[in-house]
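**Student:** turn this into a structure:
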Amino acid sequence: MPTGWNTFPVEFRGGLISNMSPLQQGINAVGSAITLQNFEPSKEGGYKKILGFEKYIDSTVTGTGVILGVKVVNSSKVIAVRQNGSSVSEYYINSGSSWSSLGAASLLGGKVRGTNFNFDGNHKIMFVDGANSPAVFNDTTDTLSFPSGYPSDVVGGEHITAYKNHIFIAKGSLLAFSAPFDETDFTIANGAGIINVGHTITGLIVFREQLIVFSRNKIQRVSGTSVSDFQLSPIAEDIGCISGDTIQEVGGDIMFLAPDGLRLLSATERIGDFGLGLASYPVEQDIKDFKSNYSSFSSLVLREKAQYRIFGFVSAEQPKDAFGFIGTKFSDQGSSNIQWSKTKGIQAYVADARYVEGQEIIVFANDNGYVYKLEFGSSFDGEDINAIYSSPFMPIDDPQLRKSIYKMSLYVDTAGSFDVNVNFTFDLFKPDNYNKNIAPQTIRLQSSSAGVFIYGASSATYGTATYGSELDKIYNTPVIGSGKTFSFTIQDSSTNPSFSLDTAVFEYATFDRM
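**Tutor:** Residues are numbered from 1 along each chain as shown. Take a look at the predicted model:
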């Protein structure tokens with residue numbers, strides 16, 4: 001057999017896949033991942049190390065237990081809800097470096113959900129918590145009120161949204177709506193009403209001029225503009241949503257957690273019709289494990305990235321061990337081109353994101369009292385971000401021929417200091433082929449541009465360091481290893497800036513059959 005060197009490129013794309021056999025994945029999905037942690041499939045190409053988070057302000061929200069709700073008001077204000085010393089739900093807003101009380105409800109509620117609306121020229125947010133009367137925040141006056149006189153079908157509502165100038169509140173199987181342009185008036189004579197959907201409502205969202213009503217095993221829609229023509233009709237009779245906190249609109253579709261995984265509700269070319277694709281099919285087994293480990297979820301959308309994120313929460317779990325998923329949407333509609341990855345180290349009980357004044361504000365909170373802003377910095381509030389990519393086992397061309405890998409060239413797009421470890425594993429189906437004594441050693445790749453320094457780095461010396469030069473984008477390293485198939489892992493566990501993995505190119509020689 002010839003022993004000349006050949007070239008094998010691996011373009012980083014396809015995302016995390018867990019529903020294919022190892023060899024099939026290595027043949028048909030080169031560049032995909034069997035592990036993709038704290039990397040995101042990027043619309044700009046490759047896999048990008050995710051950005052971090054830090055405290056929104058350096059003080060905790062007064063109270064005990066989990067923060068029951070967070071809501072972005074505008075570019076400088078966030079509302080947080082927590083159990084106070086009187087064991088009721090109290091609302092707080094950030095004021096400088098501290099949290100100021102807006103007022104307390106009469107009872108301790110559950111998870112707080114809110115909706116933005118503007119019926120009278122004032123931006124407002126209306127909150128429900130499953131126990132109390134709805135609370136209304138006025139952004140113009142910075143005041144929170146607990147209007148009285150709500151009917152029993154509204155008090156204790158669990159889900160809320162604004163649709164066609166009405167407020168809709170779900171409680172059990174009842175969907176109550178207010179009079180037009182008045183969030184406090186639920187009088188039937190004034191244009192309010194109640195719709196019994198027949199199943200316990202798990203979530204609400206407005207989509208394509210319709211109000212989508214989710215139950216655990218059914219999806220319905222409300223169409224129309226007022227009490228005179230509101231109509232309830234079915235979308236799906238045997239598919240539903242198990243958690244309303246997972247419902248988000250991303251890239252023109254609705255993502256939600258169904259009993260069998262994450263699904264997309266998509267409008268089709270046929271007017272009034274919908275598609276219901278299983279978006280999480282490539283990570284089917286991972287999602288099943290995720291659902292079995294968590295019963296409380298939160299989610300958000302990064303609009304600029306067409307990205308959906310879902311997080312699981314268990315109070316006994318350490319934040320560094322908390323898992324979630326990232327889904328990046330690469331097509332306008334449908335579930336055929338969504339690439340997945342996992343997050344580890346982001347523990348969120350509640351989360352919210354809002355695009356205001358030309359910027360996307362993203363916040364989350366758990367049970368330690370702090371509110372965090374996401375997509376900020378290069379650490380998890382000062383802790384390392386542990387980012388891992390592992391390739392499938394690739395035979396290159398023939399899974400029965402032995403190959404020796406001699407060189408790796410890694411193409412990356414860096415924004416600063418770069419320091420990763422690379423490890424190789426050979427022969428998936430012969431784990432004893434390489435024992436621990438002769439397995440390839442860890443390869444370390446670091447920024448090494450001659451005379452170029454990263455501003456703020458410990459190695460930079462004032463007056464002598466050179467800034468502004470081109471950073472390394474190609475990292476070449478020799479490799480020692482041989483086998484019929486091979487896999488490689490790239491790991492960054494640091495607070496270094498985000499970077500993107502673009503392509504890896506391997507030089508190898510082919511030998512005899514074994």
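**Student:** the nearest residue to residue 111 once chain neighbours are set aside - how many residues pack around it?
**Tutor:** Excluding its sequence neighbours, the residue lying closest to residue 111 (Cβ to Cβ, 6 or more residues apart in numbering) is residue 68, at 5.8 Å. For glycine as for every other residue, the C-beta is placed from the backbone atoms N, C-alpha and C. The tally of other residues near residue 68 (other Cβ atoms under 10 Å) stands at 26.
**Student:** quick one: residue 478 and residue 405 touch, right?
**Tutor:** No. In this structure, residue 478 is not within contact of residue 405 by Cβ atoms under 8 Å, at 9.4 Å.
**Student:** those two: which is more packed in?
**Tutor:** More crowded of residue 478 and residue 405, by other Cβ under 10 Å: residue 405, with 22 against 10.
**Student:** so where does the more buried one fall, helix or strand?
**Tutor:** strand 401-414 (DSSP states H and E).
**Student:** how far off centre is that strand?
**Tutor:** Centroid displacement of strand 401-414 relative to its chain, using Cα atoms, centre = their mean, to the nearest Å, is 31 Å.
**Student:** could you name the helices and strands sitting against it?
**Tutor:** When contacts are defined as 3 or more Cβ pairs under 8 Å, 6 or more residues apart in numbering; DSSP states H and E, strand 401-414 packs onto strand 419-426, strand 474-483, strand 486-494, strand 499-513.
**Student:** partners of the shortest one, with directions?
**Tutor:** I take that to be strand 419-426. Looking at strand 419-426 with DSSP bridges, its partner strands are strand 443-446 (antiparallel), strand 486-494 (antiparallel).
**Student:** where do the helices of the protein begin and end?
**Tutor:** Along the chain, the segments classed as helices by DSSP state H run 22-28, 284-293.
**Student:** okay, now the unreliable bits of the stretch 351-500 of the chain?
**Tutor:** Applying pLDDT under 70 to the stretch 351-500 of the chain flags residues 429-439, 448-471.
**Student:** closest to residue 12 out of the strands paired with strand 419-426?
**Tutor:** Between residue 12 and the strands paired with strand 419-426, the shortest separation by Cβ to Cβ is 9.4 Å, and it involves strand 486-494.
**Student:** mind listing what's buried in that closest one?
**Tutor:** Buried residues in strand 486-494, defined by neighbour count with 16 or more other Cβ atoms under 10 Å: 486-492, 494.
**Student:** how about CSV for these, with distance to residue 73 added?
**Tutor:** Shown next, in CSV, are those (distance: Cβ to Cβ, whole Å):
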residue, distance to residue 73
486, 52
487, 47
488, 46
489, 43
490, 40
491, 39
492, 35
494, 34
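**Student:** now flag whichever of the residues you listed is closest to residue 140.
**Tutor:** Of all those, residue 140 sits closest to residue 494, with 44.5 Å by Cβ to Cβ.
**Student:** so what's the closest one closest to, chain neighbours aside?
**Tutor:** Residue nearest to residue 494 in three dimensions, not counting chain neighbours: residue 384, with 5.5 Å by Cβ to Cβ, 6+ apart.
**Student:** could you measure from that neighbour over to residue 27?
**Tutor:** 34 Å (Cβ to Cβ, to the nearest Å).
**Student:** convert the C-alpha atoms of the lowest-mean-pLDDT helix or strand in the chain to CSV, please.
**Tutor:** For the chain, using mean pLDDT, DSSP states H and E, the weakest element among its helices and strands is strand 274-278, scoring a mean of 83. Output of strand 274-278 as CSV, limited to C-alpha atoms (Å, rounded to 0.1, in the frame of the first residue of the first chain):
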residue,chain,number,x,y,z
PHE,A,274,-49.3,24.1,11.1
GLY,A,275,-46.4,21.7,11.1
LEU,A,276,-45.2,20.0,14.3
GLY,A,277,-41.6,18.8,13.7
LEU,A,278,-39.5,17.1,16.4
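**Student:** report the distance from it to the chain centre.
**Tutor:** Distance, centroid of strand 274-278 to centroid of chain: 20 Å (Cα atoms, centre = their mean).
**Student:** residue 132: what's it in contact with?
**Tutor:** 89, 105-107, 109, 146, 155-156 (Cβ atoms under 8 Å, 6 or more residues apart in numbering).
**Student:** rerun at 6 Å
**Tutor:** 105, 107, 109 (Cβ atoms under 6 Å, 6 or more residues apart in numbering).
**Student:** now which of those residues would you call buried?
**Tutor:** The buried subset of these - by 16+ other Cβ under 10 Å - is 105, 109.
**Student:** I'd like the contacts of residue 132 laid out as TSV, including distance to residue 239.
**Tutor:** Below are those laid out as TSV (distance: Cβ to Cβ, whole Å):
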residue	distance to residue 239
105	35
107	34
109	29
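**Student:** please consider this matter closed, and thank you.
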